[in-house]
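Novice: let me see the structure of the following:
(chains A and B)
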Amino acid sequence: MMLWKNTINELLKIATKIRSYIGIGALTLLILIVLFAMKADGKSYIGFVTASFEQTLSFNGKILNGNLIAFIIMQMLIVHVPLLISLVTGDLLSGEEASGTIRMLATKPISRSGIVLSKWIAATIYTLIMTVWLGFLSLFVAKWMFGTGDLIVLNSNGLLIIPEADLAWRFGLALIIAFLALWTVATLSLAFSAFAKNSVGPIVSTMSVIILFTIIGTLDVSVFDAIKPYMFTTHMAAWRSVFEDPYPTSAIWESVIILVAHIAVLLGITLIRFNKKDITS
Amino acid sequence: MALIEVSHLAKNFGSFHAVKDVSFHVNEGDVFGFLGPNGAGKSTTIRCLLSLIRPTDGEIKFFGKSLNQNRSEVLTRVGCIIEKPDFYKYLSAQRNLEIFARISGKDITKRQIQEMIDFVGLNGREGDKVSGFSHGMKQRLGIAQTLLHNPDVIILDEPTTGLDPQGIIEVRNLILRLRDEQKKTVLLSSHQLSEIEIIANRMVIINQGRTIVEGDVHELLEKQSMNLEISVANPTVFEETIQRDFPSLTARLVYKGTYHIEMEEDIRQPLIQRLVETGCGVKAVIPKRSLEDFFIKMTEK
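Specialist: Down below sits the predicted model:
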């Protein structure tokens, strides 16, 4: 009961903070810029991609459609959305510490675990809203602007054309997996937040970890081969696998399990840290 | 009945012993003064009482129950201000109170919140963001937050810090109203020793992390030596009279013509009579037996 009541409080705090809208605003702006750019010069962009196939294939129909734009937007922005999310989630515990309100909060009859869990639930809801907003803008607005059609995906196996009728569930599943990846980032920044006294540290630390792990993931050095499959950054782009045919069910499940395991471990660390913490600010 | 019992409390931060051995009890209906010089361990003790800091050793009981094992139940019956009350600055006063009311462990209506806003004199400002509030207004909002869930015990850590004289008087009057009208038990930590003397009925003094003395404020003061501040027109005659007729007394010059005298037994009447007889030109005699003297004496030991 207390957990639910404090979750309402946390959602209220997120909803009334200006920084919460920076992420949504930036995401909206970025998507609108991409949509505008595609509207203005999308054909030459697509032409550049399809040029290498034009001698062997002829393309009929509307290649530049809402589905393709949505796919491009998701690829471009999934790297930047973590920063926008950690802007909010990295502040959840450290912001209370910086403003001194942590004293007021921790002297109420809600347990320390209750405080962490309610913030984590609020962070989850915020991440979900960001993901849904990303999906809505990239899919519905793009379809409204560019119309619909089959999706042409260029992946490691070559060119894949996915029929329009087969796309709705793929985009849905891709957004669910993307949400899992962003949820991991949100939980990571919340964990950093439990160790910090202001929100700058958690935000910078979260981005540093993502950048570091991404670099390690792209380095073709055998010494990192053992850890690469277990780094959450390796699985952040797992949503793309949904657009393969046949799509690799076991690889997707593996990514989901690793991301969920990361969330559980990071949440556990946050709970232990915050429960043991002496509030001296 | 003791509402708060603290037994041999200790807290270490690494190798630093912030609190070594603090024990005291606060009875129902007490306004209990919690005194100590800077660095004595007052804030650490109070934070332990409110479960902000985990003690290294010792036991804390509220209402006869262990704080450690009954944290939520205890904190439902306790209200507090730790140093300065901090609020969500981007929210209104009313919204802040709603947030804290929601997790107070009791069902608090919007009407009760408004009544509390009225009680602390913030009516008309409840819709304003806290970022525009003065320190005094935040302090009043802090007291509203403290009282919102009608706690049995109120813990106030330095509630007048940073307030102007008017603000200090307002907070003091508010505490007196809590004592007299609502019969609340209050634990008050303050550097304003005169405030404790006026408000508190019992007190504890701690120094260097240890309890120095605990008891009834007036009984403790009764045991103390009587000090006087005497202003005279003729300092030379005054000093000669003291040396000749009262050799056991020490007269310390405070400023021109004004002396501070400490006496072990009450010899005010013969002293003043003699000073008048010898023509010192006594202009003022001010009794200086105070908690401040007592406090300094105890913490110097």
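Novice: contacts only, for whichever residue of the stretch 51-200 of chain A sits closest to chain B.
Specialist: Ranking the residues of the stretch 51-200 of chain A by distance to chain B (C-beta to the nearest C-beta) places residue A:100 first, at 3.2 Å. C-betas here are computed from N, CA, C, even on glycine. Shown in contact with residue A:100 (C-beta atoms under 8 Å, 6 or more residues apart in numbering or on different chains): A:281, B:84, B:86.
Novice: distance of the closest residue to the last one other than its chain neighbours relative to residue A:115?
Specialist: Going back to what we said before, that points to residue B:86. Spatial nearest neighbour of residue B:86, chain neighbours left out: residue A:100 (3.2 Å); criterion: C-beta to C-beta, 6 or more residues apart in numbering or on different chains. Taking C-beta to C-beta, to the nearest Å as the measure, residue A:100 falls 15 Å from residue A:115.
Novice: now residue A:134
Specialist: Relative to residue A:115, and taking C-beta to C-beta, residue A:134 is found at 29 Å.
Novice: cool, residue A:195 as well?
Specialist: Residue A:195 is 15 Å from residue A:115, by C-beta to C-beta.
Novice: equivalent analysis for residue A:219, please.
Specialist: Taking C-beta to C-beta, one finds residue A:219 at 39 Å from residue A:115.
Novice: surely residue A:262 meets residue A:186?
Specialist: No. Counting by C-beta atoms under 8 Å, residue A:262 does not reach residue A:186; the two are 11.2 Å apart.
Novice: ok, those two, which is more surrounded?
Specialist: Neighbour totals were compared for residue A:262 and residue A:186, and residue A:186 leads with 29 against 21 (other C-beta atoms under 10 Å in any protein chain shown).
Novice: can you read off the pLDDT for the more buried one?
Specialist: Listed pLDDT for residue A:186 reads 96.
Novice: wasn't it part of a strand?
Specialist: No. Read with DSSP: H, G, I helix; E, B strand; the rest coil, residue A:186 is helix and lies in no strand.
Novice: C-terminal to the helix or strand bottoming out on mean pLDDT in chain A, what's the next element?
Specialist: In chain A, no helix or strand scores lower on mean pLDDT, DSSP states H and E than strand A:151-155, which sits at a mean of 80. Note on strand A:151-155: by DSSP states H and E, the next helix or strand toward the C-terminus is strand A:158-162.
Novice: helix or strand for the residue in the stretch 151-300 of chain B that chain A sits nearest to, which one?
Specialist: Chain A sits closest to residue B:155 of the stretch 151-300 of chain B, with a gap of 8.7 Å, by C-beta to the nearest C-beta. Element membership for residue B:155 (DSSP H and E) is strand B:153-157.
Novice: on the three-state scheme, the residue positioned nearest the centre of chain A is what?
Specialist: Nearest to the geometric centre of chain A sits residue A:182, at 2.9 Å (C-alpha atoms, centre = their mean). Assigned with three-state DSSP, residue A:182 falls in the helix class.
Novice: my guess is it meets residue A:131, correct?
Specialist: Yes. With contacts counted by C-beta under 8 Å, residue A:182 reaches residue A:131, the gap being 6.0 Å.
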